[in-house]
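J.: build me a structure from this.
(4 chains)
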Number of protein chains: 2
Amino acid sequence: MAQKVVSMAPRPSRARGTGGGRNRRRTAAPNVLQVLRERIVRQEIAPGSKLRENELAQEFGVPRTRIREAFSVLEQRELIERIPNRGAVVARLDLSQVFHIYDVREVLEGLCARLATQNVAPESWQDLLDLFSGPMKKSVEKNDFDAFLAGYASFRQRLAGAADNPVLTQMLDSIYEKTQALIRRIIILPGRAEIGLREHRAVLEAMRKGDAEAAEQLRRANMRSAKEYLRQFQKYVL
Amino acid sequence: MAQKVVSMAPRPSRARGTGGGRNRRRTAAPNVLQVLRERIVRQEIAPGSKLRENELAQEFGVPRTRIREAFSVLEQRELIERIPNRGAVVARLDLSQVFHIYDVREVLEGLCARLATQNVAPESWQDLLDLFSGPMKKSVEKNDFDAFLAGYASFRQRLAGAADNPVLTQMLDSIYEKTQALIRRIIILPGRAEIGLREHRAVLEAMRKGDAEAAEQLRRANMRSAKEYLRQFQKYVL
DNA sequence: GTCAACCAAATTGTTGACAATATATCCGTC
DNA sequence: GACGGATATATTGTCAACAATTTGGTTGAC
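T.: Numbering: from 1, shown residues only, chains lettered A, B, ... in the order given. Next up, the predicted model:
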């Protein structure tokens, strides 16, 4: 049961008068969209849950109109589903869509690896390669999944940054935000972390050599392997 | 100057009372989002134009709130830009973004061709192959660009349908809607239509043989070629 | 006892009014 | 005559009341 925010009367936003031109931003105007997005992505609200406009409006201290606009965007990103006159629910990811996503992700991640390799000096990958050869290996052995996921995140982030393609970055983001929760459940599958680590290191080694073609192919192979793993263990993760 | 819709008072939506339950849908409830999207994509409103909420609300006969929601979505799709307190303008495509798009499109179209080839019987491509071997050839010779573009559209549509991957389809759509106007200006460049035709036919021949790998590679080559062409003639088209 | 129709509460959808901000116009001063 | 500031207008942003629809429960008839 969602614990209610008692009252907390979030200040009616006016009461600023003509005189006191001090407060630039209104009371830390909460970015409704961003916060809702994070909650959904992190599954702080379970898939299938109903999202009530009134409730959220009150919690954020904004008019319902604002919530509604956020809903429009979230719906367009397929993070929620809206049924006319019946409200919005957090979208649930069905299995077939996940496989569709992996096919797309394969080619996009491949492109990302290739562009990144082409764009920056090979030596600049040394630190990541070190990370994946040393500390990450330790994390896997200790089953420290948080450190592991953090390493993955910085891998992706570095590559996306180097690829320097906003269109690509945005598409990858729109994919991550749908599968983030799922990935956490895949990574803990028996042996998956080890395999993933090895594959990532292979990609990095190709990048370290400046071999963009190999990097693309290896990254794609990595994604196919992840997809295959998921197919094998789908019953345990969905 | 946009010609004004005189008055046409779009019926205040009420006046339906409890008795006359005849009119199911309100007066053809105009899908604001879809219409605006098309206008922008077709460049019926020029890039850089200002979009006034009041104006549009009046034209469509809907409250401004509705326009605003549509704006949120259009902004998220990067079809318009919104500057706080200053309104919305139709996004203009800058050159670097176009090249970014082509890099992404290369891998996505490649995937699309591969999946399509894998999913359906090779014979089912015969009609498209015939189209591109006969009628389309004629269209090019006659400089009938409309017929030509229609052929391309059905090519893409058939492939996307056969690929059967909603995630992929949506991403390709979001790319098309940004570059549609541009493509029309590329196609009329000297020799481009001929080259494009030849390349498309090569892709179809691979698909007709059921060779998914070749189809992917050929489609990718086709996109690279288009990108190269654009690079060469960029000054004439942007 | 079960089913249907009906009523009540909650929730979404719609609307116009009001406030804040930016743009354009005008006026006075240098 | 040109620049700077103040006023007027237009446009965007905010909001709360109202209408329509769905949901859950209750009553009544068979």
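J.: who does the helix or strand of chain A with the lowest mean pLDDT touch, helix- and strand-wise?
T.: Lowest on mean pLDDT, DSSP states H and E among the helices and strands of chain A sits helix A:135-141, with a mean of 85. Under the contact criterion of 3 or more C-beta pairs under 8 Å, 6 or more residues apart in numbering or on different chains; DSSP states H and E, helix A:135-141 touches helix A:145-163, helix A:192-208. For glycine as for every other residue, the C-beta is placed from the backbone atoms N, C-alpha and C.
J.: these: which one's closest to residue B:88?
T.: helix A:145-163 (28.2 Å; C-beta to C-beta).
J.: the closest one - contacts with which helices or strands?
T.: For helix A:145-163, the packing partners by 3+ C-beta pairs under 8 Å, 6+ apart are helix A:95-119, helix A:126-133, helix A:135-141, helix A:166-187, helix A:192-208.
J.: what's the pLDDT at the closest residue to chain B within chain A?
T.: Nearest residue of chain A to chain B (C-beta to the nearest C-beta) works out as residue A:107 at 4.0 Å. According to the prediction, residue A:107 has pLDDT 98.
J.: show me what contacts it?
T.: A:220, B:107-108, B:110-111 (C-beta atoms under 8 Å, 6 or more residues apart in numbering or on different chains).
J.: and what of residue A:73?
T.: A:33, B:72-73, B:76.
J.: generate a ChimeraX selection restricted to the buried subset of those.
T.: Burial among the contacts of residue A:73 is assessed by 16 or more other C-beta atoms under 10 Å in any protein chain shown; the matching ChimeraX selection reads:
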select /A:33 /B:72,73
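J.: I'd like the contacts of residue A:73 written out as JSON lines, with distance to DNA strand D, pLDDT and secondary structure added.
T.: Shown next, in JSON lines, are these (distance: C-beta to the nearest atom of the strand, whole Å; pLDDT from 0 to 100; DSSP: H, G, I helix; E, B strand; the rest coil):
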{"residue": "A:33", "distance to DNA strand D": "12", "pLDDT": "91", "secondary structure": "helix"}
{"residue": "B:72", "distance to DNA strand D": "10", "pLDDT": "92", "secondary structure": "helix"}
{"residue": "B:73", "distance to DNA strand D": "14", "pLDDT": "92", "secondary structure": "helix"}
{"residue": "B:76", "distance to DNA strand D": "14", "pLDDT": "93", "secondary structure": "helix"}
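J.: and the two most separated of the contacts of residue A:73?
T.: A:33 and B:73 (11.9 Å).
J.: now render the helices and strands packed on helix A:135-141 as JSON lines, adding mean pLDDT and mean neighbour count.
T.: Output for the helices and strands packed on helix A:135-141, formatted as JSON lines (pLDDT from 0 to 100; neighbours: other C-beta atoms under 10 Å in any protein chain shown):
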{"stretch": "helix A:145-163", "mean pLDDT": "93", "mean neighbour count": "17"}
{"stretch": "helix A:192-208", "mean pLDDT": "93", "mean neighbour count": "20"}
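J.: can you redo those as a markdown table with distance to residue A:214?
T.: Formatted as a markdown table, those follow (distance: least, C-beta to C-beta, whole Å):
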| stretch | distance to residue A:214 |
| --- | --- |
| helix A:145-163 | 15 |
| helix A:192-208 | 4 |
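J.: interface residues of chain A facing chain B?
T.: Residues of chain A lying close to chain B (C-beta under 8 Å from any C-beta of the partner chain) are A:65, A:68-69, A:72-73, A:76-77, A:97, A:100-101, A:103-104, A:106-108, A:110-111, A:115, A:165-168, A:171, A:175.
J.: which of those are buried?
T.: By 16+ other C-beta under 10 Å, those give A:68-69, A:72-73, A:77, A:97, A:100-101, A:103-104, A:106-108, A:110-111, A:115, A:165, A:167-168, A:171, A:175 as buried.
J.: residue A:181: neighbouring residues, count only.
T.: 14 (other C-beta atoms under 10 Å in any protein chain shown).
J.: that one: what's it in contact with?
T.: Residues in contact with residue A:181, defined by C-beta under 8 Å, 6+ apart, are A:41-43.
J.: show me where pLDDT drops low in chain A?
T.: For chain A, the stretches with pLDDT under 70 are A:1-30.
J.: which residues of it lie near DNA strand C?
T.: Residues of chain A lying close to DNA strand C by C-beta under 7 Å from any atom of the strand are A:14, A:16, A:50-54, A:64-65, A:68, A:82, A:84-88.
J.: just the buried subset of these, please.
T.: Buried among the residues of chain A next to DNA strand C (16+ other C-beta under 10 Å): A:51, A:53, A:68, A:82, A:88.
J.: just put the residues you listed in JSON lines and tack on distance to DNA strand D and secondary structure.
T.: Below are those laid out as JSON lines (distance: C-beta to the nearest atom of the strand, whole Å; DSSP: H, G, I helix; E, B strand; the rest coil):
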{"residue": "A:51", "distance to DNA strand D": "14", "secondary structure": "strand"}
{"residue": "A:53", "distance to DNA strand D": "10", "secondary structure": "helix"}
{"residue": "A:68", "distance to DNA strand D": "9", "secondary structure": "helix"}
{"residue": "A:82", "distance to DNA strand D": "13", "secondary structure": "strand"}
{"residue": "A:88", "distance to DNA strand D": "13", "secondary structure": "strand"}
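J.: quick one: which of those is nearest DNA strand C?
T.: The shortest gap between DNA strand C and any of those belongs to residue A:53, at 3.8 Å (C-beta to the nearest atom of the strand).
J.: surely the closest one meets residue A:64?
T.: Yes. Counting by C-beta atoms under 8 Å, residue A:53 touches residue A:64, with 5.0 Å between them.
J.: list the contacts of residue A:192.
T.: Contacts of residue A:192 by C-beta under 8 Å, 6+ apart are A:186, A:226, A:229.
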